[in-house]
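>>> Let me see the structure of the following:
(2 chains)
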Amino acid sequence: MKKIKSVQTKRDIFLSVALFIVVGALFLLFRLTAFNSDATQAYIFYGDLSNPIVTIDFAYNNGEGRIVKNYDQEVPNNYGNYPIINENDQTITLLGDYEIDGVRQIVVIKYDYIKKSVQIIEEQSPNNICSREGESTGWPLICLPNRIRVEFDTNEEDFTI
Amino acid sequence: MKKLLGISMLILMSFVLFACKDKTTSIKVTFSDYMYTFISIDIKQAPLDLEDEIKEDLEQIFRMYHELATNEDPLPINSSYLENIFSINQKVFQKLEIDEPLYTMLEKALEYNELSDGHFDVSIGKIVDVWKNEILDELSGYVFDEIPAEVFNQVIEEINQIEVVENPYTLSQESGKYYIRLNHDDVKIDLGALAKGYATQVAADYIESLGIENYSITSGSSSIVLGKNPDRDGDIFIISLANPLRTGLDDRSYGKVHVKEASITTSGNYEQYATFEGLRYHHIISPATKRPMHYYHTITIIGQDAGLLDAISTAMLSMSPEVLDAWLEEHQDNLDIEVIRFNYDGTITENLDQTELLDA
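From the prediction side, this is the model:
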């Protein structure tokens, strides 16, 4: 009787330890997939919106890359539809806030899947500061007064100052 | 067997409960209408029932300091505030009642003026205006271009006519009310080197008052306040330091630092400048010489108060290396700050304590 009880106890301990390991492994997997993605992405934002209008997913399908339009930019009807995504030219066009003669101007953003880079190639603003920033692989591109910005998600750094 | 089943259920329930954790949410807000920059706030594990309230309160903080501190626009018609910097600047020699938050910020400005031995001075707005309007104006200036000699000489002539006043404004309190009086015709207050950092620190203090530890606030590319970062080992944030002399894709950063539960601020000459005889003329003006100085391209400070860092990094750009060394000798320990200078000749000087400057 005593022997049977001892075998049962050993089995209980073994199963408990195994269960702990399985649960621990599941938890670690959850943590890793939830918070430490290796994906390198760039996000294009407009105005005060915290959700990006467009996501450039450089890492999709082992570097093949893809553009994800998350939603339409809200603009007055007479301006048409934005963003305009041109996969042949690898450009994304948004409508900026800067006006010339009362007309809002476009901001053209070029992306490169191989270099994992983004560049503002066309914009109207007094000093063209954001297009002067050149090509970026992590440096945020801030376009004021157009109120458009590009931010990167990399594991190498959180912010640039 | 029953015992085993019981233990298994307990473990599984603990896991489920742990995974669901408590009623918290992540908050990410962005403002583009305040402080003339993008402000991004990222909060992890905020109380779910306070989400809307926190968003509203944070916007209110930045809106208030923007409206009070701007010297470009009057207060909105239906504003509940008494005066702002724009209206105060129009009323020299008048004793004006102002709101407490503005009074406190102006009091800090005087404190930082004294602390920096006069290298930080919010009262030289008229001199700043001459440089901004004639050299750095977005449409008619010479941003990133060479300044013609006749224009440069004209600017020097104009700034020489403007006095840097020793006692530029007087603050006073009577019966629970707050007052300011500008004391000289040449005084124009410009809080551009203080308001952004100051408001960012107020926002950070608000977040921490709610018991939230995991957060970040970035105000443009110059002022950041950081809590803990649960996504990285050691709860750190990795901050890349912008190379003010960058030429392309490969040299955009000159180093990195790991920061948590601290503020980091950079003042520099690289975002907007014009050149004259090979030197960069930027928007940070020395009160002593009335012109931009050329000792450093950037000054980066790590510390605990974003308002202080904003003001002091601005002041340091106008201090010669000898003056800055002596100043740090006297104040660095008391203020608990760490400093990285990107010198004008491209070399780096570190006054670091716990932080390590890592390769880019």
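
>>> What is the neighbour count of the residue of chain A found nearest chain B?
Per C-beta to the nearest C-beta, A:Pro126 is where chain A lies closest to chain B, at 3.1 Å. For every residue, glycine as well, the C-beta is placed using N, CA and C. The tally of other residues near A:Pro126 (other C-beta atoms under 10 Å in any protein chain shown) stands at 13.

>>> For the nearest residue to B:Ala46 once chain neighbours are set aside, list each beta-bridge partner.
The spatially closest residue to B:Ala46, leaving aside those adjacent along the chain, is B:Ile27, at 5.0 Å (C-beta to C-beta, 6 or more residues apart in numbering or on different chains). B:Ile27 has these beta-bridge partners by DSSP bridges: B:Ile43.

>>> Tell me where the stretch 201-350 of chain B has strands.
Secondary structure of the stretch 201-350 of chain B (DSSP state E, counting those that start in this stretch): strands at B:215-219, B:223-226, B:237-242, B:253-259, B:262-268, B:274-276, B:279-281, B:296-303, B:338-343, B:348-351.

>>> buried set for stretch A:84-91?
Buried residues in stretch A:84-91, counted by 16 or more other C-beta atoms under 10 Å in any protein chain shown: A:90-91.

>>> quick one: contacts of it?
For stretch A:84-91, contacts defined as C-beta atoms under 8 Å, 6 or more residues apart in numbering or on different chains pick out A:54, A:67, A:69, A:92-93, A:108-113, A:121.

>>> Output the residues you listed in a markdown table, with secondary structure, pLDDT and distance to B:Glu163 appended to each entry.
Output for the contacts of stretch A:84-91, formatted as a markdown table (DSSP: H, G, I helix; E, B strand; the rest coil; pLDDT from 0 to 100; distance: C-beta to C-beta, whole Å):
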| residue | secondary structure | pLDDT | distance to B:Glu163 |
| --- | --- | --- | --- |
| A:Val54 | strand | 95 | 52 |
| A:Ile67 | strand | 94 | 57 |
| A:Lys69 | strand | 94 | 57 |
| A:Ile92 | strand | 97 | 52 |
| A:Thr93 | strand | 97 | 51 |
| A:Val108 | strand | 96 | 48 |
| A:Ile109 | strand | 96 | 48 |
| A:Lys110 | strand | 96 | 50 |
| A:Tyr111 | strand | 95 | 52 |
| A:Asp112 | strand | 93 | 54 |
| A:Tyr113 | coil | 91 | 58 |
| A:Ile121 | strand | 94 | 47 |
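
>>> Including distance to B:Glu208 and neighbour count, could those go into CSV?
Formatted as CSV, those follow (distance: C-beta to C-beta, whole Å; neighbours: other C-beta atoms under 10 Å in any protein chain shown):
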residue, distance to B:Glu208, neighbour count
A:Val54, 34, 23
A:Ile67, 39, 18
A:Lys69, 37, 16
A:Ile92, 38, 25
A:Thr93, 41, 17
A:Val108, 41, 18
A:Ile109, 36, 26
A:Lys110, 41, 16
A:Tyr111, 38, 23
A:Asp112, 41, 15
A:Tyr113, 41, 17
A:Ile121, 42, 13
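
>>> Out of the residues you listed, which comes closest to B:Glu59?
Nearest to B:Glu59 among these is A:Val54, at 24.9 Å by C-beta to C-beta.

>>> what's the nearest residue to the closest one if we skip its chain neighbours?
A:Ile44 (4.3 Å).

>>> what sits up against the host helix or strand of that neighbour?
According to DSSP states H and E, A:Ile44 maps onto strand A:41-46. Under the criterion C-beta under 8 Å, 6+ apart, residues A:52-59, A:73, A:83, A:92, A:94, A:109, A:111, A:118, A:147-153, B:30 lie in contact with strand A:41-46.

>>> and the residues you listed, which are buried?
A:52-59, A:73, A:83, A:92, A:94, A:109, A:111, A:118, A:147-153, B:30.

>>> Just give me the neighbour total for A:Ile161.
20.

>>> go on, A:Ile100?
As a burial measure, A:Ile100 scores 9 neighbours (other C-beta under 10 Å).

>>> Identify the residue spatially nearest to it, adjacent ones excluded.
Using C-beta to C-beta, 6+ apart, the closest residue to A:Ile100 is A:Gln124 (6.0 Å).

>>> got a list of what that neighbour touches?
A:Gln124 neighbours (C-beta under 8 Å, 6+ apart): A:96, A:98, A:100, A:105-106, A:146.

>>> helix/strand/coil for it?
Assigned by DSSP: H, G, I helix; E, B strand; the rest coil, the conformation of A:Gln124 is coil.

>>> For A:Gly138, give me its contacts.
By C-beta under 8 Å, 6+ apart, the contact list for A:Gly138 reads A:152, A:154, A:156-157, A:160, B:240, B:252.

>>> phi, psi of it?
With angles defined as degrees, to the nearest 10, A:Gly138 sits at phi -180, psi -20.

>>> Export only the CA atoms of stretch B:134-149, formatted as PDB.
The C-alpha coordinates for stretch B:134-149 follow below in PDB (Å, rounded to 0.1, in the frame of the first residue of the first chain):
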ATOM      1  CA  GLU B 134      16.000  88.700 -41.300                       C
ATOM      2  CA  ILE B 135      18.100  85.500 -41.400                       C
ATOM      3  CA  LEU B 136      16.000  82.500 -40.600                       C
ATOM      4  CA  ASP B 137      12.600  83.500 -42.000                       C
ATOM      5  CA  GLU B 138      11.000  80.600 -43.800                       C
ATOM      6  CA  LEU B 139      10.200  82.600 -46.900                       C
ATOM      7  CA  SER B 140      12.600  85.600 -47.100                       C
ATOM      8  CA  GLY B 141      15.500  84.300 -45.100                       C
ATOM      9  CA  TYR B 142      18.700  82.300 -45.900                       C
ATOM     10  CA  VAL B 143      18.000  79.000 -44.300                       C
ATOM     11  CA  PHE B 144      20.700  76.500 -45.300                       C
ATOM     12  CA  ASP B 145      22.200  79.300 -47.500                       C
ATOM     13  CA  GLU B 146      25.000  81.800 -47.100                       C
ATOM     14  CA  ILE B 147      24.000  85.100 -45.600                       C
ATOM     15  CA  PRO B 148      25.000  88.100 -47.800                       C
ATOM     16  CA  ALA B 149      27.600  90.300 -46.000                       C
END
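
>>> Pull out the buried positions in it.
Buried positions in stretch B:134-149, judged by neighbour count with 16+ other C-beta under 10 Å: B:134-136, B:141-143, B:147.

>>> With respect to B:Glu53, which of the residues you listed is nearest?
Distances from B:Glu53 to those, taken by C-beta to C-beta, are shortest for B:Leu136, at 40.3 Å.

>>> hang on, that closest one packs against B:Ala274?
Yes. Under the criterion of C-beta atoms under 8 Å, B:Leu136 makes contact with B:Ala274 at 6.4 Å.

>>> Mutual contacts of the two, please.
Both B:Leu136 and B:Ala274 are contacted by B:142-143, B:281, under the criterion C-beta under 8 Å, 6+ apart.

>>> A:Phe58 and B:Leu136, how far apart?
Going from A:Phe58 to B:Leu136 by C-beta to C-beta, to the nearest Å gives 36 Å.

>>> That should have said A:Trp139, apologies.
To B:Leu136, A:Trp139 is 22 Å away according to C-beta to C-beta.

>>> B:Ile41 reaches B:Ser26, doesn't it?
No. Under the criterion of C-beta under 8 Å, B:Ile41 makes no contact with B:Ser26, lying 11.0 Å away.

>>> Now do stretch B:278-287: distance to the chain's middle.
In terms of C-alpha atoms, centre = their mean, to the nearest Å, the centre of stretch B:278-287 is set 18 Å apart from its chain centre.

>>> Please list the residues outside it that contact it.
If you take C-beta under 8 Å, 6+ apart as the criterion, stretch B:278-287 is touched by B:118-121, B:124, B:127-128, B:131-132, B:135-136, B:147, B:164, B:193, B:267-270, B:272-275, B:291-294, B:297, B:314, B:317-318.

>>> Tell me where the model's unsure across chain A.
Along chain A, segments meeting pLDDT under 70 span A:1-8, A:23-39.

>>> Cool, thanks, talk later.
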